[in-house]
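Chemist: pasted the sequence and its predicted model underneath.
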Amino acid sequence: MTLQELRYIVALADTGHFGKAAETCYISQSTLSTQVKKLEDFLGVMLFDRSLKHVALTPIGHEIVSSARLILDEATRIRELARLTGDPMERTVNLGVIPTLGPYYLPHVLTLLHGKFPKLRLLLREEMTPHLLSHLADGKLDAGLLALPVNDASLEVVPLFKEPFLAAVPANHKLAQADSIKINELAQAGLLLLEEGHCLREHALEACHLDGMQNEEISATSLETLRQMVGMGLGVTLIPVLASGGTTADITQVALRPLVAPGASRTVGLVWRKRSPLASTMEQLVITLKNALPPHTLPIS
């Protein structure tokens, strides 16, 4: 039994398809099939049910693949520990970031980090929270910048700052005449949200003290689409302050106003695997990012 064979069965479990798993492993489908069968013969058990449309793990297969993931993770950690000597800020970090944060926070972060750590290389990947957490678990990402809370005992979770929400209403809306907007006024004015899967959707509902949206007809795929929908007069929404450019000025037919609502904000944090060999790098990143907060955000008390 080899590490490579374990990689093959994990890939097959993840894809449910011999062809796709073979592509992931950069081998032919026949080679993958032969190696998986060889491992099954060695173990004396069937790991996969091949009678279904998509290849599925057998009950014992689930347990063995779960153990294989742990072994592969430890093998990666050993390689990384051997490689990562010297300056912890002279390395490559695969960093995930949620879409409602990346375009607005990363310009601040990248300029800051490049100036302080010129040998640190960040490979960025924009993903919604569930996918980001999945890729942290399988090692495709080293760390993630996202909105908290994150409830995963395998992850180190460090809050960086609080980001207030602003009310975004059509420039010709009666609420735009006020200097600030109450959260209940916003909630009753036709609240627009991002589509399912965006954590900002849940944060907006929580801020407005709504359990869910019933008969919702319109949702947006991105913050920019949401902003345009407000400008068209389709409704109102909440915008994180970084996405507003840090301003409450009227822009593109949208009026941005402070919210009269305690706690109408989200907490942004950095997360990484507790057993990550990059822990010292992450700790230095946390210190640096906390000491250089973006404008209009709030420190964590």
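Modeler: Done, it's in.
Chemist: tell me how many other residues crowd Arg266.
Modeler: Residues within reach of Arg266, counting by other CB atoms under 10 Å, total 26. Glycine gets a C-beta too; all of them are placed from N, C-alpha and C.
Chemist: isn't it up against Ala147?
Modeler: Yes. Arg266 lies in contact with Ala147 (CB atoms under 8 Å); the separation is 4.7 Å.
Chemist: residues bridging contact with the two, i.e. touching both?
Modeler: 200, 203 (CB atoms under 8 Å, 6 or more residues apart in numbering).
Chemist: in the strand or helix carrying Ser280, what's buried?
Modeler: Here Ser280, judged by DSSP states H and E, is contained in helix 279-290. Residues 281-282, 284-286, 289 are the ones in helix 279-290 that count as buried (16 or more other CB atoms under 10 Å).
Chemist: can you list these in a markdown table and add distance to Lys140 and pLDDT?
Modeler: Formatted as a markdown table, the buried residues of helix 279-290 follow (distance: CB to CB, whole Å; pLDDT from 0 to 100):
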| residue | distance to Lys140 | pLDDT |
| --- | --- | --- |
| Thr281 | 17 | 93 |
| Met282 | 16 | 95 |
| Gln284 | 22 | 94 |
| Leu285 | 19 | 95 |
| Val286 | 21 | 96 |
| Leu289 | 22 | 94 |
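Chemist: which helices and strands sit right next to the helix holding Ser280?
Modeler: Applying 3 or more CB pairs under 8 Å, 6 or more residues apart in numbering; DSSP states H and E, one finds that helix 279-290 contacts helix 102-116, strand 155-170, strand 265-273.
Chemist: how about the CA coordinates for the shortest one, as PDB?
Modeler: What it means is strand 265-273. Extracted as PDB, the C-alpha positions of strand 265-273 are listed here (Å, rounded to 0.1, in the frame of the first residue of the first chain):
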ATOM      1  CA  SER A 265     -22.000  44.600  11.100                       C
ATOM      2  CA  ARG A 266     -20.100  41.400  10.300                       C
ATOM      3  CA  THR A 267     -16.800  40.100  11.800                       C
ATOM      4  CA  VAL A 268     -14.100  39.300   9.300                       C
ATOM      5  CA  GLY A 269     -11.500  36.700  10.300                       C
ATOM      6  CA  LEU A 270      -8.500  34.700   9.100                       C
ATOM      7  CA  VAL A 271      -8.800  30.900   9.500                       C
ATOM      8  CA  TRP A 272      -6.400  28.000   8.900                       C
ATOM      9  CA  ARG A 273      -5.900  24.400   9.900                       C
END
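Chemist: cheers, nothing more for now.
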